[in-house]
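Novice: Take this sequence and fold it.
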Amino acid sequence: MRLFVSEGAPGSLPVLAAAGRAQGKAELLISTVGPEECVVPFLTRPKVPVLQLDNGNYLFSTTAICRYFFLLSGWEQDDLTNQWLEWEATELQPAVSAALYCLVVQGKKGEDVLGSVRRALTHIDHSLSRRSCPFLTGETESLADIVLWGALYPLLQDAAYLPEELGALHSWFQTLNSQEPCQQAVETVLKQHGILALRPYLQKQPQLSSPEGKLVSNDPEEEELATLSEEDIAMAVSAWEKGLGSLPTLRPQQNPVLPVAGERNVLITSALPYVNNVPHLGNIIGCVLSADVFARYSRLRQWNTLYLCGTDEYGTATETKAMEEGLTPQEICDKYYAIHASIYRWFNISFDTFGRTTTPQQTKITQDIFQRLYERGFVLQDTVEQLRCERCARFLADRFVEGVCPFCGYEEARGDQCDKCGKLINATELKKPQCKVCRSCPVVRSSRHLFLDLPKLEERLERWLEKTVPGSDWTPNARFIIRSWLRDGLKPRCITRDLKWGTPVPLEGFEDKVFYVWFDATIGYLSITANYTDQWEKWWKNPEQVDLYQFMAKDNVPFHGLVFPCTALGAEDNYTLVSHLIATEYLNYEDGKFSKSRGVGVFGDMAQDTGIPADIWRFYLLYIRPEGQDSAFSWTDLLLKNNSELLNNLGNFINRAGMFVSKFFGGCVPEMVLTSDDQRLLTHVTLELQHYHQLLEKARIRDALRSILTISRHGNQYIQVNEPWKRIKGNEADRQRAGTVTGMAVNIAALLSVMLQPYMPTVSATIQAQLQLSLPACSVLPTNFLCTLPAGHQIGTVSPLFQKLENDQIESLRQHFGGGQLEESLAFKVKVSPKPAVEEAVTTAGSQQIQMLMDEVTKQGNIVRELKAQKADKNQIAAEVAKLLDLKKQLALAEGKPLEAPKGKKKK
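Specialist: Here you go, the predicted structure:
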């Protein structure tokens, strides 16, 4: 192999550092070439770094070269590393490039340079702090560390651009700097010139600007527009002139919706939420809202679409919740099903059917699939060691055991999975296990159970994956998760539980057991469809004609991409399997996690009480959708996005376009005589519309939303440049120009109303009503920008679409949802006499209230311990300790115990 690098080429830093890892693994010749030297025979322009492989092929991408060297050294790919690499390419690299250009080429300093990268640096620091690991993906240096170090080194070598408060980032950077391969890379690329060695390279680059500033700018911006060919313009103009006549005939509505031969039949599911939980914003964006956007888009494309979801109602979680609330499991399901349905209705989720799993159809279909698996030899019997809580007199389901993770030491690992390191766990492997209900220590007992023989089905699964995944729209994290399961080898998986609330097992000797919720929960999609139509098999036993999209958060991937496909393949009944598995990462709340018990975060039943409309919530959640990596809800960012992107960009443009028609042309769309500039704008809008289609067809939901905002910015710039409010007062030519600009603008507004429909359906309908858009124009989104509001079209009354969010309003909401809810709740529930009346206190706070407070004390104690272990800021620790002491005080009062005097230093 031969690696070509160049002095002053930033990409040479990480590849040289990565090459150091592969030393001794393969014969490698490193050649330093001049910046103008063409080392690849078939390229007309110089390109470094480049790796020439022994077979004569070339690698050009810095990340690809680094990955190759790491693979040579025995490193195994993992999901977290790939997420960091995607973030580096899309977020970090543009920001660093802009900063370096400002510093080296333009000679700027201080905040002018740091401003573009500060947010990225903070993100890395927070990630390192939260994981309490020295490197980005764990305890050892990874590909992600080297690639990010290489991108950051030219800037951060000057301590002025490494903020002191980012301690974790500082430690990480210094650790990598001290390694010999990194030092040698710096010596080769920068020599003795330091950052000035990059000047010749950077001077050849176009002037760069960070994308960060664009997101919150209130001013019209100069967008970098694509180069247009004469053919592009001619095609766009031709499509525009055809207008509404080129729209396809609307599909007749069916009830029920069934597959149609010869059409594209799209079946969409979102992961079934547990009925006993109120969904928070992360749950909503992870499945139902993401799927709703795709379903609405699918209908706009005139695809034959069925979108379904429902509540997952069986299992220990439901039994326990019922016990806590003094209700039967069925009553709990009925209560929370109504809560879920109400929340999704408020968020305007367009299910064709929203069902539930506690139905006779669920029992019938689940038992039929089981019988087919059993008859074909895919079910095993074995004795299992399980945790049993003697105090509660029950075997404990995995999620109702908590303890210390045997792999990473996290103190709140569940009995099936650790939320910190992501590893799957058997409940009996937990250290210091506790029953989540009563906090007693469970004991190990034996019980006979049934297992799905996944190893026996592994070859069938592999063949199906090889046929399905290439060319599909499975998200990268879904592919990595399934690949990691297969790499480790499949194990038999238990499919029964010692419970009463569940689908009964139809097998002699197992009458006292039910199916494990994750065996029959995914079968819930089939039974929900069966309750919607008795012709459900046309959807679920029709893989040749049905395209199945399944939306979920990444923790559900193994069950949808592996367990259920194995189940269906083993049943040998021609089931429809997932074509496109769309998984998100996690959405956090501010700098932590959502917690109903601690009153932290916005939950679905609370959003409507904020006074912020559902469409604003939809927009912001979709804007920050965690597609490539975890993201976080931020009240400050919500305010910025509402006031800049919605109010000042989108709302401003659509309102101005409509108002010009009303004010200057009596509500009638004026005649439009397109100039070459108009035709170019028309073409740019068409290309952006086509990009929107390309993204949504791939379920790139967050990125497609940016296309809407880009078109709106084009529209604002168009109005600003042409000033129709001035031209309307001029001569005939000026007035005609004002008419053309106004007509074009209002047609762009009409297009945006349809593009917005999947994201903000109420705002979309409002715009369409204001513009009096025809039903065909509202119901179909073409691939070209059409004139849907021709000259003479009468629009309706135009009014503003969005309201400004104020700082004090947002600050009040931040405080309310930052833990204040719990304090209000406890203050209301625990009413204790000021006198030391033990009996009265115990009576006032029942056992359930005391248990809730005990849970809060335990959780808050873990938070404090974790912060101390991370050596967090003292003020942050003190604030959490104060919360812990307050909870302990409330618990003591609830239990009727005398309050302890505060401990302090003794006076000498």
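
Novice: so which helix or strand takes in the residue most central in space within the chain?
Specialist: For the chain, the residue sitting closest to the mean C-alpha position, by Cα atoms, centre = their mean, is residue 626 at 2.2 Å. For residue 626, there is no helix or strand it lies in under DSSP states H and E.

Novice: these two touch, right, it and residue 554?
Specialist: No. In this structure, residue 626 is not within contact of residue 554 by Cβ atoms under 8 Å, at 9.1 Å. C-beta here means a position set from N, CA and C on the backbone, and glycine is covered the same way.

Novice: Now do the shared contacts for these two.
Specialist: 584-586 (Cβ atoms under 8 Å, 6 or more residues apart in numbering).

Novice: Pull the residues that contact stretch 250-262.
Specialist: 265, 302, 304-306, 352, 532-533, 535, 538-539, 542, 545-546, 775-776, 779-780.

Novice: Show me which of the residues you listed are buried.
Specialist: 265, 302, 304-306, 352, 532-533, 538-539, 542, 545-546, 779-780 (16 or more other Cβ atoms under 10 Å).

Novice: and of those residues, the nearest to residue 700?
Specialist: residue 305 (18.5 Å; Cβ to Cβ).

Novice: tell me the SS of the closest residue to the closest one other than its chain neighbours?
Specialist: Closest residue to residue 305 apart from its sequence neighbours, by Cβ to Cβ, 6 or more residues apart in numbering: residue 298 at 4.3 Å. Counting by DSSP: H, G, I helix; E, B strand; the rest coil, the backbone at residue 298 sits in helix.

Novice: For residue 298, give me the pLDDT.
Specialist: pLDDT, residue 298: 97.

Novice: Which residue, other than its chain neighbours, is closest to residue 6?
Specialist: Residue 6 sits nearest to residue 48 (Cβ to Cβ, 6+ apart), 4.3 Å away.

Novice: can you tell me which residues contact the one you found?
Specialist: 4-6, 9, 11-12, 33, 35, 39.

Novice: ok, the residue nearest to the centre of the chain - contacts?
Specialist: 285-286, 584-587.

Novice: repeat that with 6 Å
Specialist: 584-585, 587 (Cβ atoms under 6 Å, 6 or more residues apart in numbering).

Novice: In CSV, list the contacts of residue 48 along with secondary structure and pLDDT.
Specialist: Shown next, in CSV, are the contacts of residue 48 (DSSP: H, G, I helix; E, B strand; the rest coil; pLDDT from 0 to 100):
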residue, secondary structure, pLDDT
4, strand, 87
5, strand, 87
6, coil, 84
9, coil, 84
11, coil, 87
12, helix, 88
33, coil, 82
35, coil, 71
39, coil, 74
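
Novice: between those, which is closest to residue 674?
Specialist: Nearest to residue 674 among the contacts of residue 48, with distances taken as Cβ to Cβ, is residue 11, at 44.3 Å.

Novice: ok, now how distant is that closest one from residue 31?
Specialist: 15 Å (Cβ to Cβ, to the nearest Å).

Novice: How is the protein partitioned into domains?
Specialist: 2-203, 265-385+450-584, 397-441, 648-794 (the TED database).

Novice: low pLDDT regions in the stretch 151-300 of the chain?
Specialist: Residue ranges of the stretch 151-300 of the chain with pLDDT under 70: 192, 203-227.

Novice: Kindly report the same for the stretch 451-600 of the chain.
Specialist: 596-599.

Novice: quick one on the thing from earlier: looking at residue 11 and residue 31, which has the bigger crowd around it?
Specialist: Shown here are residue 11 and residue 31; by other Cβ atoms under 10 Å, residue 11 has more neighbours (25 against 14).

Novice: for the more buried one, what are its contacts?
Specialist: 49, 62 are the contacts of residue 11 under Cβ under 6 Å, 6+ apart.

Novice: Going by distance to residue 698, which of the contacts of residue 48 wins?
Specialist: residue 11 (27.8 Å).

Novice: With residue 39 as the reference, measure out to the closest one.
Specialist: The value you get for residue 11 to residue 39, if Cβ to Cβ is used, is 14 Å.

Novice: circling back: adding distance to residue 177, write the contacts of residue 48 out as TSV.
Specialist: Converted to TSV, these look like this (distance: Cβ to Cβ, whole Å):
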residue	distance to residue 177
4	25
5	19
6	22
9	19
11	18
12	17
33	26
35	25
39	29
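
Novice: Emit the PyMOL select command for whichever of the residues you listed are buried.
Specialist: Restricted to buried positions by 16+ other Cβ under 10 Å, the PyMOL selection for the contacts of residue 48 reads:
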select buried, resi 4+5+6+9+11+12+33+39
